[in-house]
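1. One predicted model, sequence on top.
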Amino acid sequence: MKQLFSLVEQIISRVDASLRGFGFSVEAYINAVTNPRKMLEYYATYAVTSKHPLSLHFKGSNIAGSYFLGKCYVHDSVIYKSDLRGDELKRKGDLAMGKKKLPMTEDEFIHIRNSFLFRTLIHNCSHNIETPEEMFVHNSVAAHYSNIHGSTLEGSYLGIFSTVDHMSLHSCVVGDFSYLQVEELFHQVVNPGTVWIENNEFFFRYTLPLDILLRYIRLDENHRPCGILFDFVDNKKHDFDRIYDSINIGKLKIPATSTVNRFSLIKGTMKIGENVLISQRAYLDNADMGRGSNAQENTFIVNSKLCGYDITAHGAKIVHSRLDENIFVAFNCFLNGKPYASITIGQGCIIMPHTIIDSEGAITIPENHLVWGFIGSQEDLATNSIPLDVLSESRELTIGNMKFSGDGQRFVDGFRATIRHILEDNGAFYDKGKNRGHAQNHHSTSINTIQPYRVGPRQGLYPAITIEP
């Protein structure tokens with residue numbers, strides 16, 4: 001495996017060079033998670049559909065256990081059990097939106113180079129107007145369960161359970177469990193547990209108290225993830241083994257307008273309504289998915305009911321909870337209800353990214369509220385939520401550890417528009433051939449496998465492969 005180890009060293013050197021100004025090195029983290037046996041053991045998969053352009057290129061890389069859809073180019077990188085989902089990439093002729101409409105001269109593609117992605121999700125199209133045809137991650141490291149959503153990265157490090165959303169990062173360090181949507185950052189360190197949304201119209205920022213953060217997410221002395229949130233996910237990861245050990249899995253009875261991905265895990269008693277989308281690596285156990293609801297990648301829905309048109313965004317976890325209609329549970333939220341302490345969320349609520357709700361008593365969130373931060377009791381809602389109509393009329397707020405300024409109406413309207421867009425893209429409103437989305441377009445997906453070299457100096461690397469129509 002000589003060449004694989006050389007590749008890992010090359011990636012470490014390149015990323016460390018980009019972050020040298022911070023005295024920060026990714027070496028200890030990468031060495032802690034690099035397992036040559038597993039990199040040899042798992043096959044990679046790619047999807048073929050009639051709805052998405054197919055163009056894949058792999059060279060000099062390890063892509064063990066990873067899933068590819070659409071147009072993806074990977075070289076000199078390690079991508080372990082990650083998902084590169086290119087079903088929302090822009091197409092030739094589309095208009096990239098900036099201050100001026102910019103016509104696309106070719107199909108957009110995902111480009112990974114000299115990077116190390118560990119259980120990472122890449123999804124959506126690039127929001128970098130300077131390179132609209134290329135969504136790239138170059139010379140970067142993304143740790144366990146991080147999300148790269150419509151964002152480009154150069155020479156950056158994303159901590160465990162972190163998210164960068166519709167932006168560009170240049171030589172930055174993003175702390176564990178942080179969420180960023182700030183358009184562009186250069187040479188900055190973002191503290192762990194930060195939720196930061198900013199543009200020309202509004203500013204929202206919250207930082208999870210360190211003592212709470214360390215209970216849920218942290219690296220131990222050996223640079224391995226631990227904490228309540230990581231343990232929740234880690235304790236269930238072996239349930240997925242049977243899915244990857246078998247080429248064919250028994251079919252689940254679902255409505256013709258819904259899709260359950262071949263690499264999702266379904267357990268217990270399930271109820272799936274019309275126009276439901278369940279993505280790869282989603283984990284559902286005793287879940288009731290109402291019409292138009294979705295469970296995106298790396299989500300967990302356990303002993304819970306989603307009444308309809310509810311969004312469970314990438315990495316969100318919903319346990320012993322009941323969601324009324326039109327609820328948005330954003331990236332990497334942890335709704336940790338119990339059999340004796342359930343969580344009930346009223347219609348139209350927005351649960352902000354990286355929110356933790358975890359209590360020994362029942363919690364009820366009234367309808368049409370924005371919720372953020374850490375909620376350990378019903379009383380915590382006073383400093384971690386606000387009615388959406390109040391926020392809409394606000395220009396400046398400080399509530400507990402949250403600061404907001406700008407146009408509250410645009411903030412709320414922007415979220416509502418995003419929610420509507422997600423539901424439309426996922427096919428939640430499909431009816432009699434109209435408003436098709438992912439829930440309908442993924443019906444004809446076929447899955448193909450790719451294997452690495454088993455022996456010799458290239459052991460653990462995958463052959464250079466180009467896959468085209």
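-> In hand now; what should we look at?

2. what about stretch 105-121, average pLDDT?
-> Stretch 105-121 carries an average pLDDT of 97.

3. residues contacting Ile122?
-> Ser82, Asp83, Leu84, Arg85, Ile110, Ile112, Met135, Val137, Ile148, His149 (CB atoms under 8 Å, 6 or more residues apart in numbering). Glycine gets a C-beta too; all of them are placed from N, C-alpha and C.

4. for the fifth one, what are its contacts?
-> For Ile110, the set of contacting residues under the criterion of CB under 8 Å, 6+ apart consists of Gly70, Lys71, Cys72, Tyr73, Leu84, Gly86, Leu89, Ile122, Met135, Phe136, Val137.

5. among the residues you listed, which are in strands?
-> Lys71, Cys72, Tyr73, Leu84, Ile122, Met135, Phe136, Val137 (DSSP state E).

6. what packs against the helix or strand where Ile301 lies?
-> Using DSSP states H and E, Ile301 sits in strand 300-306. Where contact means 3 or more CB pairs under 8 Å, 6 or more residues apart in numbering; DSSP states H and E, strand 300-306 is packed against strand 283-289, strand 317-319, strand 321-323.

7. Which of the contacts of Ile122 lies at the shortest distance from Ala428?
-> Proximity of the contacts of Ile122 to Ala428 (CB to CB) peaks at Arg85, which lies at 17.9 Å.

8. partners of that closest one in the sheet?
-> Under DSSP bridges, the beta-bridge partners of Arg85 are Leu69, His123.

9. how many neighbours does it have?
-> 25 (other CB atoms under 10 Å).

10. now do Glu367
-> Glu367 - counted by other CB under 10 Å - has 15 other residues nearby.

11. so who does the residue nearest to it when sequence neighbours are not counted touch?
-> In this structure, Glu367 finds its nearest non-sequential neighbour in Gly346, 3.2 Å apart by CB to CB, 6 or more residues apart in numbering. Going by CB under 8 Å, 6+ apart, Gly346 touches Asp324, Thr364, Ile365, Pro366, Glu367, Asn368, His369.

12. now with 6 Å?
-> Asp324, Ile365, Pro366, Glu367 (CB atoms under 6 Å, 6 or more residues apart in numbering).

13. List phi and psi for the closest residue to Lys51 other than its chain neighbours.
-> Spatially, and ignoring its direct neighbours in sequence, Lys51 is nearest to Asn441 (4.4 Å; CB to CB, 6+ apart). Dihedral pair for Asn441: phi -70, psi -20, per degrees, to the nearest 10.

14. For Phe263, see how far away Asn441 is.
-> 17 Å (CB to CB, to the nearest Å).

15. ok, now Leu121?
-> In terms of CB to CB, Leu121 sits 13 Å off from Phe263.

16. Compare neighbour counts for the two and give me the winner.
-> More neighbours surround Leu121 than the other of Leu121 and Phe263, with 27 against 19 (other CB under 10 Å).
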